[in-house]
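Q: need a 3D model of the sequence below.
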Amino acid sequence: MSRKTRTTTTLVVIGAAVAAFAGAGPASAADGQCQAAGIATLKSIGAFKAVQANGVSVATAVSLGVTPRGGSLPAGITLDTVIDYKTLVADHRAGENSIFVYPWCAG
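A: Residues are numbered from 1 along each chain as shown. Below you'll find the predicted structure:
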């Protein structure tokens, strides 16, 4: 199985978990709860290590309900861009300055 196939398969499963987890209420970036909520979501479905190792494509994230902040992607980022785990975690901590809005996080 290719890296892209593993990541895509993993993230399709994440979508179902995100929908269930989002019902628990939004988490705050300011106190790290948003980051923790994202990590907990990945761990709850056994996808944490795959995403940590391979990152996630913007297209896959968008298909899971993640939206670009302000409605459009920043220059240089396309749907094919793969966001590495370190950047993904940092974006969760960025609050209103994040590139993306996550369904399990406030704002």
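Q: what ranges do the strands span in the protein?
A: In the chain, the strands defined using DSSP state E lie at 56-57, 67-68, 82-83, 100-101.
Q: what pairs with the second one, parallel or antiparallel?
A: Pointing back at strand 67-68 there. Applying DSSP bridges, strand 67-68 is found paired with strand 100-101 (antiparallel).
Q: deepest of the strands of the chain, which one?
A: The highest average neighbour count among these, using mean count of other Cβ atoms under 10 Å, belongs to strand 56-57 at a mean of 22. Where C-beta positions appear, they are placed from N, C-alpha and C, glycine not excepted.
Q: on that earlier part again, in a markdown table, list the strands of the chain along with mean pLDDT and distance to residue 92.
A: Listed next are those as a markdown table, based on pLDDT from 0 to 100; distance: least, Cβ to Cβ, whole Å:
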| stretch | mean pLDDT | distance to residue 92 |
| --- | --- | --- |
| strand 56-57 | 86 | 12 |
| strand 67-68 | 94 | 14 |
| strand 82-83 | 94 | 11 |
| strand 100-101 | 93 | 9 |
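Q: buried residues in stretch 34-43?
A: Going by neighbour count (16 or more other Cβ atoms under 10 Å), the buried part of stretch 34-43 is 34-35, 37-42.
Q: so which of the strands of the chain gets nearest residue 90?
A: For residue 90, the closest of these is strand 82-83, at 9.9 Å, according to Cβ to Cβ.
Q: give me the contact list for the closest one.
A: Outside strand 82-83, the residues within contact range by Cβ atoms under 8 Å, 6 or more residues apart in numbering are 7, 54-58, 61, 91.
Q: closest one to residue 50 among the strands of the chain?
A: Using Cβ to Cβ, those put strand 56-57 closest to residue 50, at 9.4 Å.
Q: the closest one pairs with which strands?
A: Sheet pairing of strand 56-57 (DSSP bridges) gives strand 82-83 (antiparallel).
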